[in-house]
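Asks: next comes the sequence, and after it the predicted model I'd like to discuss.
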Amino acid sequence: MDSLHYIRRTMERAGSFTAVPGAGGVLMGATAIAAAWLAASQPVAARWLAVWVGEAILALLIGMVSAARKSARAQMPLLSAPGRKFIGAFVPSMAAGALLTLVLFRAGAVAALPGVWLLLYGAGVVSGGAASVKIVPLMGACFMAMGAFALLGPESWGNPLLAAGFGGLHILFGVTITVKYGG
């Protein structure tokens, strides 16, 4: 019995996290496009930021619910060893992004936020994707590239790149994950 328990734990630790939500990614992408449109019409930076913070919270909830549903359908615990690895690798980048958002906003460097958000989200997805299927780190790398464009390009590219990244990339990769890896 102890040997079977050991084998099961070893296989679980070596497995990949397949609960990355494809359909949830599409929904997150759609809400990000709506947020980009709404944020673009805000007259002051604080309201622009409020729209995007609200979107981040909504996307987090969509992602959590979608991942839990996909995990349940696959009859694999969401917090299995690969799931914990994904979360453990993803969360530090998100925490850094939250702290940098506060610091950059207070410093009046709002124009840097789109690039920082895309870059750190991408870094988190690449890191978490090491415990997932191969397409997940590729998605993270695409987010990082968009973040670099946003940081190095003109300020006017910020909101459109947020729409293209959090909207377009989530939809594109969400559809691909849904088709190739189920939901």
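Replies: Great, that's in hand.

Asks: quickly note the distance from the residue lying closest to Leu172 once chain neighbours are set aside to Arg106.
Replies: Setting aside the residues directly before and after it, Leu172 is nearest to Gly29 in space (CB to CB, 6 or more residues apart in numbering), at 7.9 Å. No exception for glycine: its C-beta is placed from N, CA and C like everyone else's. Per CB to CB, to the nearest Å, Gly29 is found 30 Å from Arg106.

Asks: which of those two has more neighbours?
Replies: Gly29 (24 against 8; other CB atoms under 10 Å).

Asks: identify the residues contacting the more buried one.
Replies: 166-172, 174 (CB atoms under 8 Å, 6 or more residues apart in numbering).

Asks: likewise Ile135?
Replies: Ile135 touches 173, 176-177, 180-181, counting by CB under 8 Å, 6+ apart.

Asks: per-residue pLDDT, it?
Replies: Predicted confidence (pLDDT) for Ile135: 88.

Asks: same question for Gly122.
Replies: Taking Gly122 on its own, its pLDDT is 96.

Asks: could you do the one 10 residues further on as well?
Replies: At Ser132, the predicted lDDT confidence score is 74.

Asks: what about it, how many residues nearby?
Replies: 24.

Asks: how near is it to Ala36?
Replies: 26 Å.
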